[in-house]
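In: quick one: sequence plus predicted model below, questions after.
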There are 2 protein chains.
Amino acid sequence: MKTTSEYQEFIENAIANLELPSTPKGLYQPILYSLESGGKRLRPVLTLAVADALGLDINLVVNQALGIELFHNFTLLHDDVMDNSEVRRGRPTVHCRWNARTAILSGDAMSIIAGQVMARGAGKSLDKILELFNKTAIEVIEGQQYDMDFEHRKDVTEDDYIEMVRLKTAVLLACACKTGALMAGADAQVADAFYDYGEKLGLAFQLRDDYLDTFGDPAIFGKAIGGDITSDKKTWLLINAIRDDKTGTIDKWLGVNARPADKVQEVTDCYRILNLDTRCSQLIDSYIEQAINQLNNIPGLSEEAREYFTKLADRSRTRSN
Amino acid sequence: MKTTSEYQEFIENAIANLELPSTPKGLYQPILYSLESGGKRLRPVLTLAVADALGLDINLVVNQALGIELFHNFTLLHDDVMDNSEVRRGRPTVHCRWNARTAILSGDAMSIIAGQVMARGAGKSLDKILELFNKTAIEVIEGQQYDMDFEHRKDVTEDDYIEMVRLKTAVLLACACKTGALMAGADAQVADAFYDYGEKLGLAFQLRDDYLDTFGDPAIFGKAIGGDITSDKKTWLLINAIRDDKTGTIDKWLGVNARPADKVQEVTDCYRILNLDTRCSQLIDSYIEQAINQLNNIPGLSEEAREYFTKLADRSRTRSN
């Protein structure tokens, strides 16, 4: 096994070497801009690490790792248009830097290129890889639709929310893991165990995101704290608070845009009174535990690999940005 | 060979039987709405007819025909958002009936479903089918980008325009034909001849569209005449008029939105004075001839099939809607 930084570096290299046509510029520049903007590269790291753990030369899975990262960045690009977000990873979003038409069309191209790259060098696994990828891609989009639907709903349950997160975020991490396993020629049990590992990791990852957006340290988190509260985003915290708060604090602030600092303060206090910070952390812990338990379903996994995936999961429990 | 109406009916049936998930409704209803709105189904008809001509049971290529129609309707859906068009085939566009976010996300799903359906039952042709489809999909999007770029350019040449149309429209017809051939197990010469047939047909088809938008009979054309002129769309007619008009008519009207009826009348008169109606028809004829000539490169093509594809091409020369 390599270190996560080494996998990240490998991916950054692959992105830098991705050969896109030079024209039409208006189509390909925004794609490069989106890809260059970094991020943790968690999904391709998972693909590489799983392949590596199962003894496959990671050069033989670089296209699939890249395809998943391309797809992920495509969803961010279109999500930013749909949510009218202005900043992504500290830079103007594509639709702000260019315009909405460019963002839509570049995203469309990126989605197709993702599928194209996924297929490269897939060899005899081609049909399995594409079946998983297409199924996952549709689920991610369904998740985004549910997320948008939730904006107008007050009756979202905790189960609804977890299912939305599973679709919008977790299945792509699961797909990233399983893709590495399939490319390495793993049998169904191993491939599915890695899928479940990725899925539980994804649920923990998104819940930690929700947690940090409210309880994080602004100096480390990398963006302003309280954005979810200001925008009434139906996070795990808010959904539980809507159900449990008897003080009227949530009712008072929902849909109110005035005095955002007061809103963030009072809603955060309400969350704390309801013990939601602790309960959220406990839920994250339980998903991390479920993820790590999946490693027991992988016969012959080396101690080194087990340790790698255990530590990776554990970092999601404690990460601050 | 069957008749075009029979192929169309076959496709309508396949669309009616396309099993999409029922939820989230906000995602799948707009997809069904787009698909149901009809149109000529030219692309899937080509796939079916080519497969049929080469002796393949058309049931074995229904998914590929459907996949191409899905992709085509996805591009229309997103084009309508980008162009802010309000009506498509006599009905409100998806982003007007719902909203832009819904149109973007449903289109994204439709694009992925198209790729998914293309792969179904492709068997041993899977890699060739997907390679062609992905390449074509990217080209169509590049064509749309060039079309958008042309809006802000005054120096678009006739060659630029033909290349844009080739990408935006013709390659998908070419892909539709070649897909039918590949699924039927045709060799490269036959598959490429059908590709070229579809490409030339596509060029003729788009030029006829340009022609009809200015010189068509509004009662038959199905939409208002002169829309391209009013919106200064860089059609073959306008590009040639910009180059050839010495009377100042084109310069006077470009970018002018007032008195649209006068604009349409004067610009159309200018086109006629420049003989562009005849020259456009001649160019269409030459592409139709090139398409029909490709049929000579297909050894063993039955007389019935030759006649079918000849008549199909000829109809694009004379069609009025």
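Out: Sure thing, it's come through. Numbering: from 1, shown residues only, chains lettered A, B, ... in the order given.

In: surely A:Ile242 and A:Ile250 touch.
Out: Yes: with contact defined as Cβ atoms under 8 Å, A:Ile242 counts as touching A:Ile250 (5.6 Å). Where you see a C-beta, it was placed from the backbone N, CA and C, and this is true even at glycine.

In: more neighbours, those two?
Out: Legend: neighbour count by other Cβ atoms under 10 Å in any protein chain shown for A:Ile242 and A:Ile250, higher for A:Ile250 (21 against 15).

In: quick one: the more buried one and A:Asn240 touch, right?
Out: No: A:Ile250 is not in contact with A:Asn240 according to Cβ under 8 Å; the separation is 10.0 Å.

In: A:Ala103 touches A:Val81, doesn't it?
Out: Yes: contact criterion Cβ under 8 Å: A:Ala103 and A:Val81 qualify, at 4.7 Å.

In: for A:Gln116, phi and psi?
Out: A:Gln116 adopts backbone torsions of phi -60, psi -50, taken as degrees, to the nearest 10.

In: let me fix that, I meant to ask about A:Gly39.
Out: Here is the backbone geometry of A:Gly39 (degrees, to the nearest 10): phi 100, psi -180.

In: and it, what does it touch?
Out: A:Arg89 (Cβ atoms under 8 Å, 6 or more residues apart in numbering or on different chains).

In: from A:Pro260, how far off is it?
Out: Distance, A:Gly39 to A:Pro260, using Cβ to Cβ, to the nearest Å: 27 Å.

In: ok, A:Lys246 next?
Out: In terms of Cβ to Cβ, A:Lys246 sits 24 Å off from A:Pro260.

In: between the two, who's got more neighbours?
Out: Ranked by neighbour count (other Cβ under 10 Å), A:Lys246 and A:Pro260 place A:Pro260 first, with 15 against 7.

In: and for the closest residue to the more buried one other than its chain neighbours, the neighbour number?
Out: Of all residues not flanking A:Pro260 in the chain, A:Thr230 sits nearest, at 4.9 Å (Cβ to Cβ, 6 or more residues apart in numbering or on different chains). Using other Cβ under 10 Å, A:Thr230 is surrounded by 16 other residues.

In: correct me if wrong: A:Thr230 contacts A:Asp262.
Out: No: using Cβ under 8 Å, A:Thr230 is not in contact with A:Asp262; the gap is 10.8 Å.

In: just the residues contacting stretch A:65-76, thanks.
Out: Contacts of stretch A:65-76 (Cβ under 8 Å, 6+ apart): A:11, A:14-15, A:18, A:34-35, A:41, A:43-45, A:47-48, A:58, A:88, A:107, A:110-111, A:113-120, A:133, A:137, A:140-141, A:144, A:172, A:175-176, A:179-180.

In: buried set for that stretch?
Out: If you call a residue buried by 16 or more other Cβ atoms under 10 Å in any protein chain shown, then stretch A:65-76 has these buried ones: A:65-76.

In: again, but for stretch A:233-249
Out: Residues A:233-241, A:244-245, A:249 are the ones in stretch A:233-249 that count as buried (16+ other Cβ under 10 Å).

In: first-to-last residue distance for that stretch?
Out: End-to-end span of stretch A:233-249 (Cα to Cα, to the nearest Å): 16 Å.

In: tell me the mean pLDDT for that stretch?
Out: The average pLDDT within stretch A:233-249 is 96.

In: and that stretch, how far out from the chain middle?
Out: The chain centre lies 24 Å from the centre of stretch A:233-249; the measure is Cα atoms, centre = their mean, to the nearest Å.

In: who touches that stretch?
Out: Here stretch A:233-249 makes contact (Cβ under 8 Å, 6+ apart) with A:147, A:150-151, A:153-154, A:156-158, A:161-162, A:207, A:210-211, A:213-214, A:227-229, A:232, A:250-251, A:254, A:266-267, A:269-271, A:273-274, A:276, A:279-280, A:283.

In: just the buried residues from the residues you listed, in PyMOL please.
Out: Remark: buried members of the contacts of stretch A:233-249, expressed as a PyMOL selection using 16+ other Cβ under 10 Å:
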select buried, chain A and resi 147+150+156+161+162+207+210+211+213+214+228+229+232+250+266+267+270+271+274+276+280+283
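
In: which of the contacts of stretch A:233-249 are close to chain B?
Out: Applying Cβ under 8 Å from any Cβ of the partner chain to the contacts of stretch A:233-249, one finds that nothing falls near chain B.

In: which ones among the contacts of stretch A:233-249 are found in helices?
Out: Among those, DSSP state H puts A:147, A:150-151, A:158, A:161-162, A:207, A:210-211, A:213-214, A:227-229, A:250-251, A:266-267, A:269-271, A:273, A:276, A:279-280, A:283 in helices.

In: pLDDT (mean, whole number) over the helix or strand hosting A:Leu66?
Out: Using DSSP states H and E, A:Leu66 sits in helix A:62-83. Per-residue pLDDT over helix A:62-83 has a mean of 97.

In: and the next helix or strand past that helix?
Out: Next along the chain from helix A:62-83, counting by DSSP H and E, comes strand A:87-88.

In: now do that next one: distance to the chain's middle.
Out: Offset of strand A:87-88 from its chain centre (Cα atoms, centre = their mean): 16 Å.

In: contact partners of that strand?
Out: The contact list for strand A:87-88, computed with Cβ under 8 Å, 6+ apart, reads A:37, A:76, A:80, A:93, A:96, A:223.

In: show the buried residues in the residues you listed.
Out: Buried among those by 16+ other Cβ under 10 Å: A:76, A:80, A:93, A:96.

In: closest to B:Arg306 among those residues?
Out: For these, the minimum distance to B:Arg306 (Cβ to Cβ) is 50.6 Å, reached by A:Leu76.

In: roughly how far apart are the closest one and A:Gly67?
Out: Distance, A:Leu76 to A:Gly67, using Cβ to Cβ: 15 Å.

In: am I right that A:Leu105 sits in a helix?
Out: Yes: counting by DSSP: H, G, I helix; E, B strand; the rest coil, A:Leu105 is found in a helix.

In: what residues are up against it?
Out: Applying Cβ under 8 Å, 6+ apart to A:Leu105 gives the contacts A:27, B:78, B:82, B:141, B:144-145, B:148.

In: also A:Thr157?
Out: By Cβ under 8 Å, 6+ apart, the contact set of A:Thr157 is A:Ile239.

In: which phi and psi does it have?
Out: Phi and psi for A:Thr157, reported as degrees, to the nearest 10, are phi -90, psi 170.

In: how much space between it and B:Ala51?
Out: 49 Å.

In: with A:Leu70 instead?
Out: Distance, A:Leu70 to B:Ala51, by Cβ to Cβ: 32 Å.

In: ditto for A:Phe10
Out: From A:Phe10 to B:Ala51 the distance is 43 Å (Cβ to Cβ).

In: quick one, which of the two is more surrounded?
Out: Legend: neighbour count by other Cβ under 10 Å for A:Phe10 and B:Ala51, higher for B:Ala51 (27 against 19).

In: OK, contacts around that one?
Out: B:Ala51 is in contact with B:58, B:60-61, B:180-181, B:183-184, counting by Cβ under 8 Å, 6+ apart.

In: now, which of the buried residues of stretch A:65-76 sits nearest A:Ala191?
Out: Nearest member of those to A:Ala191, counting by Cβ to Cβ, is A:Ile68, at 15.1 Å.

In: tell me how far that closest one lies from A:Gly143.
Out: Distance of A:Ile68 to A:Gly143, given as Cβ to Cβ: 16 Å.

In: contacting residues around A:Gln145?
Out: So A:Gln145 contacts B:24, B:26-27, B:105 (Cβ under 8 Å, 6+ apart).

In: tell me which of these fall in helices.
Out: B:26-27, B:105.

In: which of the residues you listed sits closest to chain A?
Out: Distance to chain A across those (Cβ to the nearest Cβ) is lowest for B:Leu27, with 4.3 Å.

In: nearest residue to the closest one other than its sequence neighbours?
Out: Nearest to B:Leu27 is A:Gln145, by Cβ to Cβ, 6+ apart, at 4.3 Å.

In: so that neighbour: helix, strand or coil?
Out: Under three-state DSSP, A:Gln145 comes out as helix.
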